[in-house]
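A.B. asks: sequence and predicted structure below; questions after.
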Amino acid sequence: MLKRNVDPITIEVVRNRLESIANAMQYTLLRSAVAVIVKEGEDCSCGIFKPNGETITQARACPIHLTTMRPGIGIITQEFPMEDMKPGDTFILNDPYHGGGHLPDILMAAPIFVEGKELPIAFAGALSHHEDVGGQEPGSMSANTTELYQEGLIIPPVPWTKEGKPVKTSFDFVRYNVRIPNTVLGDLEAQLAACLVGVRGFQEMAQNMGFNTVETSVDILFDQAEARMRAELSKLKDGVYEFEDWVDNKSRDLPRLPVKCRVEVKGNDIIVDFAGTAPQQKAPVNVNLAGAESGAHTTIKGMTDPNLPLNEGAVKPISVRAPEGSLFNPLRPAPLALRGQIAQRAYDVVQGALIQAVSPSEAVACPSSGNMVTSFSGQDDNGDIYGSTDLTTGGVGARADCDGLDHMEHGFTNVRTTPTEAWESRYPIRVRDHELRMDSGGPGKFRGGLGIRRSFEILSGPVRSCHRHDRSLSSSWGIFGGKPGARWRSYIERVDGTIEHLHSKEVIELQTGDVFVRETGGGGGYGDPLERDPELVVDDVLDRKVSVAAARADYGVVLSADGVSYDAAATNALRARMTVERGPVSWTYDFGDDGRR
């Protein structure tokens, strides 16, 4: 009844004010943070939630946090009766089996009170990755853990402030269990500031517009988002679509881990089932169900209506399942430190399945699949312990009408590569090079985006480093004739001249003069590379995106003697011969060494 009394303009005003509040929270956190991974890498998210955890709005930040923040808010209200909460209270948690994602991601939440209501009507939430929460290795992201307890401090829901005053026990418990307490506590203060911005913004909106109007508008916005998502889902072809990919295990000596999904589109509902995915591992390559849900939700939203509001209604038509005890729904105490690189594959396999449900013009090739995350810990010039993390990304998959973007975070993680200046001005580490990686983009009529080469020279060792990425043992697949992007790789140029090749997940020690070289993968290509405009291939060669050899071998383009044009007759003849030798394109996916399907 009341819903009819809120006009569309008011509803839009509420929607925009909510998004502005969430974004103001995000900007506050970014500008107040201490750690480089937050203030420069932007590995954090903020939002407003209902007391049961339903998302009212969320900043345009990290989609991987979209689903992992929801259960955390709900757990807090289960653990602490809302009738006992007061203005100025805040709570924190990081337990992946009790509302968290992985231990370095600490969620802070603050209840929001408005005049005339005795109980909190909403919560402001701020989640941030922290550079250290204790555990086996600096950075708390070791590739060698076998159980959660080795990964760091496990924080159940606990009070952080009471009526605006710090809870000393909680502060001290964190302070004495992390390696860099000033950084960690500083970032928690930034989260607190963000929560206070959210509380104040929501209270001002409720006071200005009336709480009943805001509450009703939120419910209508939920209904609108759900209706829009259902309308988009109804455009997909009904059916059951399956897909399989892999993630690297913790060692190259161990077999890859299969990730499978079954996507059922039925009218305006969609069910994602990860049955058949590998069982949980005694290694930090597990992801809790909330992380897998984030991958599925982000893919579906991106392939239907990317402009949907970031609220609970948008995900109501989506059901996500994974068997208990599997890689995507492990049981305590399976470790989860490296879950970001693994959750990415949930995104990939759902995208791969849904390509079968959309027209080729709407399909997108596989992105480079995550980012390369490397934590460094050593002593700075003052003898103080430092800890910092570099985020480096690859290329985006190509689509039916354009190349993939080079060196760009895609929609799932959405963090930033740390600027060179941030490293060199704060730590005894030099960024030796940062350049596009030639031939890393998957060949196609439209080329996959390129990855990069990014190298760090250690100026003062020893430095302990926790290193993780994926796709060193599998490829970002191309589609409809497009080829896969280059695989990820990393190695150390030791000061004595030797080369040490690394697996995608390792803990290493670096000495003064060592150079740590990291090369990210490219996105998959779209369409037959022999149909790519030769002029575009020449441009890529001149831009050092494609080598002369790859122009010939992958695209059938023969460059002229001057190197700035192509030989049309030779190119046509070579392409005709290559087409006959290969045969017509009869496959959808190209996995490179793993074959075609």
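C.D. replies: Cool, got the structure. Numbering: from 1, shown residues only.
A.B. asks: secondary structure class of F376, three-state.
C.D. replies: strand (DSSP: H, G, I helix; E, B strand; the rest coil).
A.B. asks: what's the neighbour count on D245?
C.D. replies: D245 has 27 neighbours, counted by other Cβ atoms under 10 Å. C-beta here means a position set from N, CA and C on the backbone, and glycine is covered the same way.
A.B. asks: ok, it to R175 distance?
C.D. replies: 42 Å (Cβ to Cβ, to the nearest Å).
A.B. asks: geometric centre of the protein: which residue is closest?
C.D. replies: T413 (1.9 Å; Cα atoms, centre = their mean).
A.B. asks: who touches that residue in this structure?
C.D. replies: Shown in contact with T413 (Cβ atoms under 8 Å, 6 or more residues apart in numbering): 62-64, 340, 344, 370-371, 393.
A.B. asks: from the residues you listed, which one has the minimum pLDDT?
C.D. replies: Lowest in pLDDT among the contacts of T413 is G370, which has 79.
A.B. asks: which residues does that residue contact?
C.D. replies: 340-341, 344, 393-394, 412-413, 469-471.
A.B. asks: and V178, how far from P138?
C.D. replies: V178 is 10 Å from P138, by Cβ to Cβ.
A.B. asks: next, show the common contact partners of the two.
C.D. replies: What both V178 and P138 touch, as defined by Cβ under 8 Å, 6+ apart, is the set D132.
A.B. asks: comparing those two, which shows the higher neighbour count?
C.D. replies: P138 (26 against 23).
A.B. asks: quick check: that one touching G387?
C.D. replies: Yes: with contact defined as Cβ atoms under 8 Å, P138 counts as touching G387 (5.4 Å).
A.B. asks: need the residues touching each of those two.
C.D. replies: 132, 179, 375, 377.
A.B. asks: most neighbours out of the residues you listed, which is it?
C.D. replies: D132 (27 neighbours).
A.B. asks: dihedrals phi and psi, it?
C.D. replies: Dihedral pair for D132: phi -160, psi 130, per degrees, to the nearest 10.
A.B. asks: now do it, the pLDDT please.
C.D. replies: 96.
A.B. asks: so how far is V178 from it?
C.D. replies: 5 Å.
A.B. asks: shared neighbours, these two?
C.D. replies: V184.
A.B. asks: so R262 sits in a strand?
C.D. replies: Yes: under three-state DSSP, R262 falls within a strand.
A.B. asks: list the contacts for it?
C.D. replies: Per Cβ under 8 Å, 6+ apart, neighbours of R262: 240-242, 272-273, 275-276, 353.
A.B. asks: what residues are bridge-paired with it?
C.D. replies: E242, D273 (DSSP bridges).
A.B. asks: turn the shared contacts of P138 and G387 into TSV, columns for distance to G100.
C.D. replies: Shown next, in TSV, are these (distance: Cβ to Cβ, whole Å):
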residue	distance to G100
D132	16
R179	20
S375	19
S377	23
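A.B. asks: pick out the most distant pair among those.
C.D. replies: Greatest spacing in those, by Cβ to Cβ: R179 and S375 (11.1 Å).
A.B. asks: now for those two: what residues contact both?
C.D. replies: Shared contacts of R179 and S375, defined by Cβ under 8 Å, 6+ apart, comprise 138, 387.
A.B. asks: got the contact list for the residue lying closest to L331 once chain neighbours are set aside?
C.D. replies: Spatial nearest neighbour of L331, chain neighbours left out: G325 (5.5 Å); criterion: Cβ to Cβ, 6 or more residues apart in numbering. Taking Cβ under 8 Å, 6+ apart, we find G325 in contact with 279-280, 331.
A.B. asks: could I get the residues you listed as CSV with secondary structure?
C.D. replies: Below are the contacts of G325 laid out as CSV (three-state DSSP):
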residue, secondary structure
P279, strand
Q280, coil
L331, coil
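A.B. asks: closest to A553 among the residues you listed?
C.D. replies: P279 (40.2 Å).
A.B. asks: isn't the closest one right next to E324, touching?
C.D. replies: No: at 10.2 Å, P279 and E324 do not qualify as touching, with contact defined as Cβ under 8 Å.
A.B. asks: show me where the chain has its helices.
C.D. replies: Applying DSSP state H to the chain gives helices spanning 8-32, 36-39, 69-79, 168-175, 181-209, 211-233, 289-304, 339-354, 420-424, 534-542, 548-555, 568-582.
A.B. asks: relative to D95, which of the ones you listed is closest?
C.D. replies: Using Cβ to Cβ, the nearest of these to D95 is helix 69-79, at 8.5 Å.
A.B. asks: how about residues contacting the closest one?
C.D. replies: 45, 47, 49-55, 58, 91, 93, 98-100, 107, 109, 123, 125, 127, 156-157, 290, 312.
A.B. asks: can we see that at 6 Å?
C.D. replies: Outside helix 69-79, the residues that touch it by Cβ atoms under 6 Å, 6 or more residues apart in numbering are 49, 51-53, 55, 91, 93, 98-99, 107, 109, 123, 125, 127, 157, 290.
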